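In: What follows is a predicted protein model with its sequence.
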Amino acid sequence: MALIFTAILVGMVLLAAPLRADGLEGCGSHIKYGAPGRDGVLLCRLGYALSHNSSRKVADWVAYRLTKEKMAGTHPRSNNFRADPDLDAGKRSELKDYKRSGFDRGHMAPAAAMKWDARAMSESFLLSNMAPQVGPGFNRGIWRSLESRVRDWTRARGELYVVTGPIYLANADSTIGSNQVAVPTHFYKAIFDPTRVEGIAFILPNKKLKTKDLPTFIRSIDDIEDQTGLDFLAELEDTVEAIIEANIQPKMWPRP
């Protein structure tokens with residue numbers, strides 16, 4: 001019965017139509033199952049798509065498609081951090097905003113997932129793909145571990161769709177730099193496997209954490225939607241979307 005149900009879900013997923021939107025032209029592969037929102041400045045990059053919030057100077061969401069073939073890439077990390085030239089000065093973050101701020105320039109679409117192409121690697125270092133993250137124990141700890149697991153899962157599963165972004169709890173008004181770049185209180189990561197038709201999601205507080213505690217931050221995609229106002233997997237058939245988004249994985253997906 002479970003196999004039959006999965007087969008039905010797979011059939012419904014395959015009927016999903018690629019979404020196109022102004023600013024996202026050419027990024028259909030990254031937002032095949034829906035752009036989570038369109039309120040910000042929509043930008044398409046080779047390795048990801050995003051919606052930039054000009055008030056907070058941080059993307060509301062960054063979406064990217066990963067494949068097993070991409071994970072075999074060998075292009076080196078470029079480290080060419082820079083302001084995004086497609087965003088107006090005063091409505092974007094600058095390198096000086098992070099300088100001596102106490103926060104890392106945390107990737108939303110990780111550089112380690114962009115080794116398949118030199119341009120994709122370089123574009124991952126645009127500051128529109130960054131948000132202020134606590135360094136030790138978060139960006140350089142549990143968050144990096146989660147990104148590594150996503151790459152492992154991609155190698156094992158063949159293809160994953162990932163959406164990452166910030167969460168701001170009520171009265172969250174911390175900023176850095178002269179451009180007042182918003183500091184998120186939490187970060188989310190929603191992951192969808194279109195082959196097995198299942199998802200897993202995480203919400204992590206932006207603070208020093210123990211990497212071993214990663215499974216305790218598993219949430220449902222519905223939880224992320226409730227805290228962000230975004231709409232994930234909107235291009236799926238409604239009943240399939242509801243099942244995937246409401247489900248909370250009882251444990252971490254196994255590594256290969």
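Out: Yes, it's here. Numbering: from 1, shown residues only.
In: Kindly provide the distance from Leu230 to Cys44.
Out: 18 Å (C-beta to C-beta, to the nearest Å). C-beta coordinates here come from the backbone N, C-alpha and C atoms, glycine included.
In: wait, what's in contact with Leu43?
Out: Gly23, Leu24, Ala49, Leu50, Ser51, His52, Asp84, Asp86, Ser128 (C-beta atoms under 8 Å, 6 or more residues apart in numbering).
In: Farthest-apart pair in those residues, please.
Out: Within the contacts of Leu43, Leu24 and Asp84 form the most distant pair, 15.4 Å apart (C-beta to C-beta).
In: so where's this protein uncertain?
Out: Scanning the chain for pLDDT under 70 picks out 1-22.
In: All the helices of it, residue numbers only.
Out: 2-14, 95-98, 118-123, 143-157, 221-228, 238-246 (DSSP state H).
In: Among those, which comes closest to Leu204?
Out: When the helices of the chain are compared by C-beta to C-beta, helix 143-157 sits nearest Leu204, at 6.9 Å.
In: Pick the one among the contacts of Leu43 closest to Arg140.
Out: Ser128 (21.3 Å).
In: OK, contacts around Arg56?
Out: Pro166, Tyr168, Val181, Ala182.
In: Pick out the most distant pair among those.
Out: Longest span within the contacts of Arg56, C-beta to C-beta: Tyr168 and Val181, 12.4 Å.
In: who's more crowded, the two?
Out: In terms of neighbours (other C-beta atoms under 10 Å), Val181 is the more surrounded of Tyr168 and Val181; the figures are 23 against 19.
In: so the more buried one touches Lys99, yeah?
Out: No - checked against C-beta atoms under 8 Å, the pair Val181 and Lys99 is beyond contact range at 11.6 Å.
In: Identify the bridge partners of the residue nearest the centre of the chain.
Out: Taking C-alpha atoms, centre = their mean as the criterion, Thr164 is the residue nearest the geometric centre of the chain, at 2.0 Å. Under DSSP bridges, the beta-bridge partners of Thr164 are Val62, Lys189.
In: Figure out the length between the terminal residues of stretch 150-165.
Out: End-to-end distance of stretch 150-165 (C-alpha to C-alpha, to the nearest Å): 15 Å.
In: Residues contacting that stretch, please?
Out: Outside stretch 150-165, the residues that reach it (C-beta under 8 Å, 6+ apart) are 30, 32-33, 36, 59-68, 70-71, 108-109, 112-113, 131, 187-196, 228, 230, 232, 253, 255-256.
In: Same question for stretch 222-230.
Out: Applying C-beta under 8 Å, 6+ apart, the external contacts of stretch 222-230 come out as 36-37, 60-61, 165, 167, 186, 188, 190, 201, 203, 231-232, 245-246.
In: Give me the buried stretch members for that stretch, please.
Out: Of the residues in stretch 222-230, Asp222, Asp223, Ile224, Glu225, Gln227, Thr228, Leu230 count as buried by neighbour count, 16 or more other C-beta atoms under 10 Å.
In: How about stretch 197-209?
Out: Neighbour count says stretch 197-209 has Val197, Glu198, Gly199, Ile200, Ala201, Phe202, Ile203, Leu204, Pro205, Asn206, Leu209 buried, by 16+ other C-beta under 10 Å.
In: Can you add distance to Leu160 and give the residues you listed back as a markdown table?
Out: Listed next are the buried residues of stretch 197-209 as a markdown table, based on distance: C-beta to C-beta, whole Å:
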| residue | distance to Leu160 |
| --- | --- |
| Val197 | 12 |
| Glu198 | 11 |
| Gly199 | 10 |
| Ile200 | 10 |
| Ala201 | 12 |
| Phe202 | 14 |
| Ile203 | 18 |
| Leu204 | 18 |
| Pro205 | 24 |
| Asn206 | 23 |
| Leu209 | 23 |
